[in-house]
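> Test case, fold it:
(one chain, ligands or ions: 3)
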Amino acid sequence: MPRDTAGHLVPGRISPHREVPAFIPRPEYVGKAEPDERGVGNLYSPEEVERIRHAARIAAQAVEVAAAAIAPGVTTDRLDAIVHEYLVAHGAYPSTLGYRGFPKSSCTSVNEIICHGIPDDTALLEGDVVKLDVTAYVDGMHGDLCAAYPVGDVSAQAALLIERTREAMMRGIRAAAPGREVNVIGRAIESYAKRFDYGVVRDYTGHGVGRAFHTGLVIPHYDAAPAYDTAIEPGMVFTVEPMLTLDGSSSWDLWPDDWTVATRSRALTAQFEHTILVTETGTEILTLP
Ligand code: MF3
Ligand code: CO
Ligand code: CO
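Ligands and ions are numbered 1, 2, ... in the order given. All right, here's what the predicted structure looks like:
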């Protein structure tokens, strides 16, 4: 339900904790204040890649199943329940649940919420844009993706923002190849976003993912050269997850819940994310259903 009189999102009510069956292995950080991500590398053997692919596929399937329920009147908590049930039914732990204290099994970010929205009793309204971000942990590996969806009929500018954010992610992914620096990814994303005077969020980035939810590797979505010059190598796994704003802005506010990130201007935002593997010749998307 919650919106203020201007129609902006306000914090809703968070439902009770969802349980994960005890036989499903937890990531090391569950029940701790902070994860231990020190010294976690970004290169994977073919056998390890298959384990990440398995986690990534389950996460992508959970997004697909939850997305099919998106409609006016549906709450973000309902989407979270669908994700949670799907992940645990497939033997996966919802990586966000208990990550640095995050209370739910997905992130649901509506309209001006850039990322890390907490699923609650907010009912989706016709014309909204909702981003659904899911990470699954299974067999010691995490796979992470996000997609933006229209709720019912949306404005032409909202539909274009969604489509162009997806295209920006794809251009970032296609720019990545062995021998290049990771900063080529953000260069491709930012130059495409600029065509439409969209803003690129700078303070939330892509990241290495696999044996940890977030390894130390950072993938900017803006043109950061000459910084972020890590060489892209075959066997690397990381996310590309641009967040674009309709009004060209990139400043944000953090809600008092310490998670929810909103555009300071309250402008509409969209995000897409895939977990990708670097191959000998280019990249391969792992977060496919
Ligand atoms: N899945 C998000 C990402 O793409 C991270 C969510 S962390 C949480 O990196 F704690 F907010 F869930
Ligand atoms: Co991510
Ligand atoms: Co994510």
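> got the residues of the stretch 151-289 of the chain near ligand 1?
Counting by Cβ under 6 Å from any ligand atom, the residues of the stretch 151-289 of the chain close to ligand 1 are 207, 239, 241, 259, 273. Where you see a C-beta, it was placed from the backbone N, CA and C, and this is true even at glycine.
> so which of these comes closest to ligand 3?
Nearest to ligand 3 out of those is Glu273 (Cβ to the ion; 4.9 Å).
> for this protein, longest helix please?
The residue-count maximum for a helix in the chain (DSSP state H) belongs to helix 46-67.
> and it, what does it pack onto?
On a contact count with 3 or more Cβ pairs under 8 Å, 6 or more residues apart in numbering; DSSP states H and E, helix 46-67 meets helix 76-89, strand 129-138, strand 141-150, strand 274-278.
> of the residues of the stretch 151-289 of the chain next to ligand 1, closest to Leu124?
The shortest gap between Leu124 and any of those belongs to Trp259, at 19.2 Å (Cβ to Cβ).
> and the gap between the residue nearest to the closest one when sequence neighbours are not counted and Asp4?
Distance criterion Cβ to Cβ, 6 or more residues apart in numbering; nearest residue to Trp259, sequence neighbours excluded, is His116 at 4.6 Å. His116 sits at a distance of 20 Å from Asp4 (criterion: Cβ to Cβ, to the nearest Å).
> Pick out whichever of the two has more residues nearby.
Neighbours per residue (other Cβ atoms under 10 Å) separate His116 from Asp4, with His116 holding more: 21 against 8.
> and that one, what does it touch?
Applying Cβ atoms under 8 Å, 6 or more residues apart in numbering, we find His116 in contact with 102, 107, 109, 133, 259-261.
> Among those, which lie within strands?
Members of these lying in strands (criterion: DSSP state E): 107, 109, 133, 261.
> residue contacts, the closest residue to the last one other than its chain neighbours?
Of all residues not flanking Val261 in the chain, Ile114 sits nearest, at 4.4 Å (Cβ to Cβ, 6+ apart). If you count contacts by Cβ under 8 Å, 6+ apart, Ile114 has them with 201, 204, 243, 245, 252, 261-263, 269, 271.
> Which of the three states applies to Ile114?
strand (DSSP: H, G, I helix; E, B strand; the rest coil).
> Please report how far it lies from Arg166.
16 Å.
> where along the stretch 101-250 of the chain do the strands fall?
Remark: strands assigned in the stretch 101-250 of the chain by DSSP state E, counting those that start in this stretch are 107-110, 113-115, 129-138, 141-150, 199-200, 206-207, 218-219, 237-240, 243-245.
> For these, give me CSV that also has mean pLDDT.
Below are the strands of the stretch 101-250 of the chain laid out as CSV (pLDDT from 0 to 100):
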stretch, mean pLDDT
strand 107-110, 98
strand 113-115, 98
strand 129-138, 99
strand 141-150, 99
strand 199-200, 98
strand 206-207, 98
strand 218-219, 98
strand 237-240, 98
strand 243-245, 99
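> re earlier: what's the distance between the longest helix of the chain and the middle of its chain?
Distance of helix 46-67 from the chain centroid (Cα atoms, centre = their mean, to the nearest Å) equals 14 Å.
> likewise stretch 161-172?
Stretch 161-172 has its C-alpha centroid displaced from the chain centroid by 14 Å (Cα atoms, centre = their mean).
> what is the mean pLDDT for that stretch?
Mean pLDDT, stretch 161-172: 99.
> Next, the buried residues of that stretch.
By 16 or more other Cβ atoms under 10 Å, the buried positions in stretch 161-172 come out as 161-162, 164-166, 168-172.
> again with stretch 16-29
Residues of stretch 16-29 classed as buried by neighbour count (16+ other Cβ under 10 Å): 18, 20, 27, 29.
> residues from the chain in reach of ligand 3?
The chain comes close to ligand 3 at residues 133, 144, 146, 273, as judged by Cβ under 5 Å from the ion.
> who's in contact with the third one?
What that stands for is Cys146. Counting by Cβ under 8 Å, 6+ apart, Cys146 makes contact with 63, 107, 115, 131-134, 241, 271-273.
> Report the two of those residues separated the most.
Based on Cβ to Cβ, the longest span within those runs between Val63 and Cys115 and measures 14.8 Å.
> Looking at these two, which one has more neighbours?
For Val63 versus Cys115, neighbours defined as other Cβ under 10 Å are more numerous around Val63 (26 against 21).
> how near is the more buried one to ligand 2?
Per Cβ to the ion, to the nearest Å, Val63 is found 13 Å from ligand 2.
> Sounds good, over and out.
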